[in-house]
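K.L.:
What follows is a predicted protein model with its sequence.
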Amino acid sequence: MTPDPKAQRDAVDKTAAEWVVRLATGGCSEAQKASLEAWLAADPAHEVAFERANLAWERTERLRALAAVEPGRAAPEAERRRQRSWKIPARIAAAVAASAAVAGGGLLWAWGPTKAYATAVGERRVVVLDDGSRVEMNTDTRLEVRISPTGRRARLVRGEALFEVRSDPRRSFIVRAQDEEVKGGAKAAFNLRLAQQTVKVLVVDGQVEVRGRSGPEGRPFESRLTAGALGTFGAAGAAARNTSSGEAERALAWRYGAIILSGESLSEAAAEFNRYNVKPIVVADPSIAGLRLGGYFKQADVEGFARALQTGFGVKAVDTGKAIYLSRAAPARRAAF
Amino acid sequence: MVTDEDGRDDCVSETVRENQERRAWFRREILPLEPRLRAYLRRIAPRDVDVDDLTHDILVRLISTPGWRQVGSPAAFVRTTARNLVYDLLRRRRVVPIDFVADLESVEFLDPGADAETALIGRDELRLLSSLVEGLPPQCRRVFTLRKIDGLSPREIAERLGLSVSTVEKHLVKALRICSEGLARRTDGHTAATHDTRPQSAARRRGQDRR
């Protein structure tokens, strides 16, 4: 060991953190990347420092979910784009947008301008609505919101979002998804997911009322859900049950970019990854579709998931660049540990 | 599972990719165990050995594992590597208390059922992260928050706060290092209690035997 290992480690840690900050900004040239690889190859201690900084950078992404964002800080991207592309003063643009919303949206959307928010596949985003309520949007999601002096209404067109309702005794907060309307109580927080004509409501905090038409024989119904409850509404009818804290945490793992599996089948797991990635996982062999899986994965890390399947589950993964095909591997040798 | 589409990849990029995969394995499978590795070493290492130095040596050894693809259980692998290194240390000493070696075997690295996943996603981590950020110096915290929560680029932050881009980067580096240290050492703090019941009793037993 060198005379002062701590001082030396400190210097290495600093260089590693500088690399991670620079890489995260993007725009590193090929030459810079090559010099990073050379620095890493010079000493495994460099690698350790670099990956520690890397992991810390990844983990601080979770802060995004916590942030008490001030209203107005996250201006709706769609609105900004629209105004810019029309090249007319913002005030006129807003008025035009409002009248367009009235014409296109029908009676339900007749007052106040409608703002639309959307995320692309693999994208997550936090939006603070004009009333101070927060919405976290998951991948491939579209939300339309209209806040007026008399009411607060939103429509989840597709995807998944977590709503944290700012209390306001004068205006109710109602989110519509398909045929269901979810009304959030004071300080309610709830996660709404729309997939395959089914609406799932997970109540995180407070309580919500759900009204819809998925009662027996399509009759209208109303139900009240409290924190921890998961309601499922759709063609198969309406159902509600309580979740364990672990189940609720898994359902909300998307907020920090994770997929947590706990006994899901391989085909369910593949479908979950495919929500977040353009390159799909294809379960090519029906005999492995029912494998039950557990584990923590990053949404974007399809390769890591495929690798875990290969090392732990006797599954072969073939990456063609366009898709990852999964099939049963030849009988595997036992792992060394 | 990575296929070469045209097979023209030369050796250099092949090595780079192999290294990147190995490092990704280390980041995903091994590093999340660092707090528990530290806790484990604090129990099994001789008292005059610096746990920071030892942790570092073990991590360096772990990231250099050539056969990493064959490691089935990262936790067992970390434990074995750590124990072997401590044995090496002890072997180089002339006098080793016999009860010390016996205890080495009885100290658990993990509670059954507790795994890297739960360590990674625990609510405590979120609480820890936010308290780490709150503890940053004001300007440093402002820069880091704009970067990580608002997603602004260093250039945008520089414009907004009237700083140079390199100053922004310096703040980010500082914040990142503080968070990184905090995360790696978190068993020093509030999450320790959930995992430590058995190892603590082992440590206590060791203390009694000595007396």
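P.N.:
It's in.
K.L.:
Please make it C-alpha for all contacts and neighbour counts, starting now.
P.N.:
Fine.
K.L.:
Show me what the longest helix anywhere in chain B is packed against.
P.N.:
The single longest helix within chain B, with elements called by DSSP state H, is helix B:165-184. Judged by 3 or more C-alpha pairs under 8 Å, 6 or more residues apart in numbering or on different chains; DSSP states H and E, helix B:165-184 is in contact with helix A:5-25, helix A:44-59, helix B:34-44, helix B:123-134, helix B:138-148, helix B:154-161.
K.L.:
Just send these back as a markdown table, with mean neighbour count too.
P.N.:
Converted to a markdown table, the helices and strands packed on helix B:165-184 look like this (neighbours: other C-alpha atoms under 10 Å in any protein chain shown):
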| stretch | mean neighbour count |
| --- | --- |
| helix A:5-25 | 17 |
| helix A:44-59 | 22 |
| helix B:34-44 | 22 |
| helix B:123-134 | 17 |
| helix B:138-148 | 19 |
| helix B:154-161 | 16 |
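K.L.:
Residues contacting the longest helix of chain B, please?
P.N.:
Contacts with helix B:165-184, where a contact means C-alpha atoms under 8 Å, 6 or more residues apart in numbering or on different chains, come from A:13-14, A:17-18, A:21-22, A:52-53, A:55-57, A:60, B:34-35, B:125, B:128-129, B:132-133, B:136, B:139-141, B:143-144, B:154-155, B:157-158.
K.L.:
show me where the stretch 151-300 of chain A has strands.
P.N.:
With DSSP state E, counting those that start in this stretch as the definition, the stretch 151-300 of chain A shows strands at residue ranges A:152-164, A:173-177, A:180-184, A:189-195, A:198-205, A:207-212, A:221-226, A:229-234, A:237-242, A:258-265, A:281-283, A:292-298.
K.L.:
Show me which residues of chain B are close to chain A?
P.N.:
Within chain B, the positions adjacent to chain A are B:1-3, B:16, B:23-24, B:26-27, B:31, B:53, B:59-61, B:63-64, B:69-73, B:76-77, B:117, B:126, B:129-130, B:148-150, B:153-154, B:169-170, B:172-173, B:176-177, B:179-180, B:183 by C-alpha under 8 Å from any C-alpha of the partner chain.
K.L.:
Leaving out sequence neighbours, find the closest residue to residue 141.
P.N.:
No chain in the question, so chain A it is. A:G159 (4.1 Å; C-alpha to C-alpha, 6 or more residues apart in numbering or on different chains).
K.L.:
wrong one, chain B
P.N.:
B:V133 (6.3 Å).
K.L.:
Just the residues contacting stretch A:198-211, thanks.
P.N.:
Contact with stretch A:198-211 is made by A:177-178, A:180-194, A:220-235, A:248, as judged by C-alpha under 8 Å, 6+ apart.
K.L.:
Filter the residues you listed down to the buried ones.
P.N.:
Neighbour counting with 16 or more other C-alpha atoms under 10 Å in any protein chain shown marks A:177-178, A:180-194, A:225-235, A:248 as buried within the contacts of stretch A:198-211.
K.L.:
A:A120 should be in a helix, yeah?
P.N.:
No - looking at A:A120 with DSSP: H, G, I helix; E, B strand; the rest coil, it is coil, so not inside a helix.
K.L.:
quick one, what contacts the closest residue to it other than its chain neighbours?
P.N.:
Closest residue to A:A120 apart from its sequence neighbours, by C-alpha to C-alpha, 6+ apart: A:D140 at 4.7 Å. Listed by C-alpha under 8 Å, 6+ apart, the contact set of A:D140 reads A:A118, A:T119, A:A120, A:V121, A:G122, A:E123, A:R158, A:G159, A:R275, A:Y276.
K.L.:
likewise A:F305?
P.N.:
Contacts were defined as C-alpha under 8 Å, 6+ apart; by that measure A:F305 touches A:F297.
K.L.:
The helix or strand encompassing it: how far from the chain's middle?
P.N.:
Under the criterion DSSP states H and E, the helix or strand holding A:F305 is helix A:302-312. Averaging C-alpha positions (C-alpha atoms, centre = their mean, to the nearest Å) puts helix A:302-312 21 Å from its chain's average.
K.L.:
Report the angle between that helix and strand A:292-298.
P.N.:
Interaxial angle, helix A:302-312 versus strand A:292-298 (axes from the mean of the first three to the mean of the last three C-alpha atoms, to 10 degrees): 140 degrees.
K.L.:
May I see the buried residues of the helix or strand that helix A:302-312 is followed by?
P.N.:
Beyond helix A:302-312 in the direction of the C-terminus, DSSP H and E gives the next helix or strand as strand A:315-319. Neighbour counts over strand A:315-319 (16+ other C-alpha under 10 Å) mark A:V315, A:K316, A:A317, A:V318, A:D319 as buried.
K.L.:
what's the answer for stretch B:59-66, then?
P.N.:
Judged by neighbour count (16+ other C-alpha under 10 Å), stretch B:59-66 contains these buried residues: B:L59, B:V60, B:R61, B:L62, B:I63, B:S64.
K.L.:
Just to check, the first one is in contact with A:H46?
P.N.:
No - using C-alpha atoms under 8 Å as the test, B:L59 is too far from A:H46 to be in contact (11.0 Å).
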